[in-house]
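**Student:** requesting a structural model of the entry that follows:
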Amino acid sequence: MRRVPTAAYMTYSQLVQRLRRLADLAPDLVRLEIIGKSRLGRDLFAVALTDAATGSALDKPGVLVDGNIHAGEVCASSAVVYWIERLVEERDRDPAVRELLRTRTVYAIPRIAVDGAEVYLTTPARLRSSPHLYPHTLPPDGFVEDDVNGDGRILWMRAPAEDGAYAVDEIDPRVMRPRQPGEIGGVYYHLFPEGRIVRTSQGGARPAASSARDVRLYGMDFNRNFPIRWAGESGQPGAGPFPLSEPELRALADFIRAHPNIAAYAALHTSGGVILRQPSTGDDTVLSPFDRALFTEVARMGERETGYFSGSNYEKFATGHEAVLMPGAADDWMYDHLGVLSFTVELWDLRRRAGARGYGEIGMRRMMSLTVEERLEDERKVVDYVAREFPDAYTPWTPFDHPDFGRVEIGGLDPKFVIQNPPPALLEEECDRVGRFLTRLGLTTARLIVTGLSVEPVAAGVYRVMAEVANAGFLPTTSTKKGKDLALEGIRAELHGASEVLAGASPCELDHLDGYGFYGNGRLPAHQRAHVEWVVRGAPGSFLEVRFSAPRAGRATASVALP
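**Tutor:** Numbers count the residues shown, from 1 in each chain. As a prediction, the model looks like this:
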């Protein structure tokens, strides 16, 4: 079976076709489910992958990976599909894949913004998440981005003006540089996205090009609509009218709540080439030492597997000017409210490819402090790299008679398939590197195993039963310390096959267990193991079975014959 093609991105119909084909190819591994509908009525698909011969999906710890919550981040959906296709392909060849499918469940939701991604892929338009008017109910008057010259891309326009803020760079004329303080005597330009002036209201004068305001037609941001520090439109543009107001996100949230075995989560985005971890609310001291160690070690593993940078949301995105950093984000909700170890993975880093600085490496605060000269140096590197390596993705400044602005020039880099997403020729490379991390992430989850089971006679037909269970995974059975603080259901221990239980309770609940990633390593594994005993009555030669289970650690069973 072919993987995600390296030459193209998938429309909705192509995506669905690939998912259905995967389910048909491996019915013993793959279950395809419709979890809801988009605002425009498209089905939202989730895929569950696990070896049915070793247990049901809900009886194993799960890792959830979703993508394309932002319409333009179509590389993310390609990466999810590529990964799950590879899991099926490598099930008998790759020991890590075999272990993942044998002992865990993979949940994959390749594309959340199905309506917006279709617009992004089939028209020149760019949008954040959903192609419905928001926050306005009627299209407002003003400037809207549009492909005015009909070349299929929305690039940049420059218009000569005495009060212009930009000039042509003397070192590389393909680049526009900021006009320096007090600079005179040159040719200056206004620089803004390709677009046009629109008027939809009745009566009055058409707005002048010189005074038109930017218009956000499709301002909804799905990743600001989750019920975690939700700020509303006034506090966070794109937040939506209320948390989980969008049907796509409500479907996602309902799916997550219906699968309590989800112990790890990765949301795939573009771009930046960085694995983002908690926290979002401050420096690392806001996390417990336990969770800080877990997040840091898994993120560092991700660095090794992907070649990306890693850091906390706060470290990479905070500028010092925000009251709340990225309110309403999915990964924050998964960790803060559900206690799940959660990451955001920003695929593709054009700036790093070009040898320029990017936020994934130095963070937004340092990016904002770069000098004009440093920014120009980086911009020259990016433009030169694209023009040299992917010439079709670079459009030289080309004259155009604009109906609103008169004589302008249009040019720049392809915003879709070189800036926001990798060029098609590099797509598989990005998919492959993140897939390696996702497989390892799934294998970090807790896994219960029975490490001891014995019986000894106490009296005629009466026996003492001793059992020990251990967590063989990296993460604790709660996924995180936060999960333990949320009072998640503990480990359930059951004994079956006895005629009567004389002492000890069955079922009973045991405390949660740490994993081998506990930061206090170098000690006896008491925190990873639990012991339970019963006194039972039974017939010699009969079999007893012990069963241990925890929502985020799976099930483990063992049996023993009574002597």
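**Student:** tally of neighbours for residue 500?
**Tutor:** Here the number of neighbours of residue 500 (other C-beta atoms under 10 Å) works out to 10. The C-beta positions use only the backbone N, C-alpha and C, and glycine is treated the same way.
**Student:** hmm, residue 535 and it touching each other?
**Tutor:** No - using C-beta atoms under 8 Å, residue 500 is not in contact with residue 535, being 9.6 Å away.
**Student:** low-confidence ranges in this protein?
**Tutor:** Applying pLDDT under 70 to the chain picks out residues 1-8, 200-215, 322-324, 519-524.
**Student:** can you tell me the centre-most residue of it?
**Tutor:** residue 267 (1.0 Å; C-alpha atoms, centre = their mean).
**Student:** distance of the closest residue to that one other than its chain neighbours from residue 448?
**Tutor:** Setting aside the residues directly before and after it, residue 267 is nearest to residue 344 in space (C-beta to C-beta, 6 or more residues apart in numbering), at 4.8 Å. From residue 344 across to residue 448, the span is 29 Å (C-beta to C-beta, to the nearest Å).
**Student:** and if you look at residue 142?
**Tutor:** 59 Å.
**Student:** repeat for residue 221
**Tutor:** 39 Å.
**Student:** neighbour count: the two, which is higher?
**Tutor:** Neighbours per residue, other C-beta under 10 Å: of residue 221 and residue 448, the larger number sits with residue 448, 26 against 22.
**Student:** leaving out sequence neighbours, find the closest residue to the more buried one.
**Tutor:** residue 556 (4.1 Å).
**Student:** ok, residue 96 next?
**Tutor:** residue 439 is the one closest to residue 96 (C-beta to C-beta, 6+ apart), at 5.5 Å.
**Student:** please apply the same query to residue 256.
**Tutor:** Nearest to residue 256 is residue 262, by C-beta to C-beta, 6+ apart, at 6.2 Å.
**Student:** thought that neighbour was touching residue 65?
**Tutor:** No - using C-beta under 8 Å, residue 262 is not in contact with residue 65; the gap is 10.4 Å.
**Student:** what residues are shared contacts of these two?
**Tutor:** Contact with both residue 262 and residue 65 is made by residues residue 107, according to C-beta atoms under 8 Å, 6 or more residues apart in numbering.
**Student:** tell me how many other residues crowd residue 92.
**Tutor:** 7.
**Student:** show me what contacts it?
**Tutor:** Per C-beta under 8 Å, 6+ apart, neighbours of residue 92: residue 98.
**Student:** still on that earlier bit, for residue 500, see how far away the residue nearest to residue 267 is.
**Tutor:** Residue 344 is 53 Å from residue 500, where distance means C-beta to C-beta.
**Student:** try residue 250
**Tutor:** 49 Å.
**Student:** can you give me the helices for this structure?
**Tutor:** Ranges of helices in the chain, per DSSP state H, are 12-25, 74-89, 95-103, 114-122, 232-235, 247-257, 289-306, 313-317, 330-336, 350-353, 359-368, 372-389, 427-443, 481-485.
**Student:** closest one to residue 271 among these?
**Tutor:** With C-beta to C-beta as the measure, helix 350-353 is the member of those nearest residue 271 (6.8 Å).
**Student:** for stretch 135-145, the distance to its chain's centre please.
**Tutor:** Centroid separation for stretch 135-145 versus its chain: 30 Å, with C-alpha atoms, centre = their mean, to the nearest Å.
**Student:** buried sites along it?
**Tutor:** Neighbour-count burial for stretch 135-145 flags 140-145 (criterion: 16 or more other C-beta atoms under 10 Å).
**Student:** from residue 293, how far out is residue 473?
**Tutor:** 15 Å.
**Student:** so what are the domain limits for this protein?
**Tutor:** The record's domain parsing of the chain by automatic domain parsing lists 12-121+219-348+421-443, 136-215+393-414, 448-561.
**Student:** quickly compare these and say which is most buried.
**Tutor:** Mean neighbours per residue, mean count of other C-beta atoms under 10 Å, is largest over the domains of the chain for domain 12-121+219-348+421-443, with a mean of 21.
**Student:** now do the end-to-end distance for it.
**Tutor:** 30 Å (C-alpha to C-alpha, to the nearest Å).
**Student:** pull stretch 255-267 out as CSV, backbone CA atoms only.
**Tutor:** C-alpha atoms of stretch 255-267 as CSV (Å, rounded to 0.1, in the frame of the first residue of the first chain):
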residue,chain,number,x,y,z
PHE,A,255,-14.6,11.3,21.8
ILE,A,256,-11.9,12.0,24.4
ARG,A,257,-14.3,11.7,27.4
ALA,A,258,-15.6,8.5,25.9
HIS,A,259,-12.1,7.0,25.9
PRO,A,260,-10.7,7.2,29.5
ASN,A,261,-7.8,5.0,28.4
ILE,A,262,-6.1,7.9,26.6
ALA,A,263,-2.9,8.5,28.5
ALA,A,264,-0.8,10.5,26.1
TYR,A,265,-1.8,13.2,23.5
ALA,A,266,0.0,14.9,20.6
ALA,A,267,-1.6,17.7,18.5
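**Student:** wait, what's in contact with residue 506?
**Tutor:** 493-496, 534.
**Student:** residue 529 contacts residue 477, doesn't it?
**Tutor:** No - between residue 529 and residue 477 there is no contact under C-beta under 8 Å: 11.6 Å.
**Student:** joint contacts of these two?
**Tutor:** 471, 513.
**Student:** and the two most separated of the buried residues of stretch 135-145?
**Tutor:** The widest separation within those (C-beta to C-beta) is 14.9 Å, between 141 and 145.
**Student:** how much space separates the residue nearest to residue 448 from residue 466?
**Tutor:** Relative to residue 466, and taking C-beta to C-beta, residue 556 is found at 16 Å.
**Student:** show me the contacts for residue 390.
**Tutor:** So residue 390 contacts 414, 418, 423, 425 (C-beta under 8 Å, 6+ apart).
**Student:** for residue 178, name its beta-bridge partners.
**Tutor:** Residue 178 has the following beta-bridge partners by DSSP bridges: residue 166.
**Student:** my guess is it meets residue 169, correct?
**Tutor:** No - the criterion here is C-beta under 8 Å, and residue 178 misses it with residue 169 at 9.8 Å.
**Student:** nearest spatial neighbour of residue 161, chain-adjacent residues omitted?
**Tutor:** The nearest residue in space to residue 161 (C-beta to C-beta, 6+ apart) is residue 190, at 5.1 Å.
**Student:** verify the stated contact: that neighbour with residue 165.
**Tutor:** Yes - with contact defined as C-beta under 8 Å, residue 190 counts as touching residue 165 (6.8 Å).
**Student:** contacts only, for the residue nearest to residue 267.
**Tutor:** 266-267, 269, 275-276, 313, 329-331 are the contacts of residue 344 under C-beta under 8 Å, 6+ apart.
**Student:** let me know the closest of those to residue 435.
**Tutor:** residue 266 (10.9 Å).
**Student:** so what's the closest one up against?
**Tutor:** Residue 266 sits in contact with 63-66, 342-345, 437-438, 441, where contact means C-beta under 8 Å, 6+ apart.
**Student:** okay, these in CSV with distance to residue 488 next?
**Tutor:** Output for the contacts of residue 266, formatted as CSV (distance: C-beta to C-beta, whole Å):
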residue, distance to residue 488
63, 17
64, 16
65, 22
66, 22
342, 15
343, 20
344, 23
345, 25
437, 26
438, 24
441, 20
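**Student:** out of the residues you listed, which is nearest to residue 460?
**Tutor:** Among those, and counting by C-beta to C-beta, the member closest to residue 460 is residue 63, at 49.8 Å.
**Student:** name the nearest residue to the closest one, sequence neighbours excluded.
**Tutor:** Nearest one to residue 63, counting by C-beta to C-beta, 6+ apart, is residue 442 at 3.9 Å.
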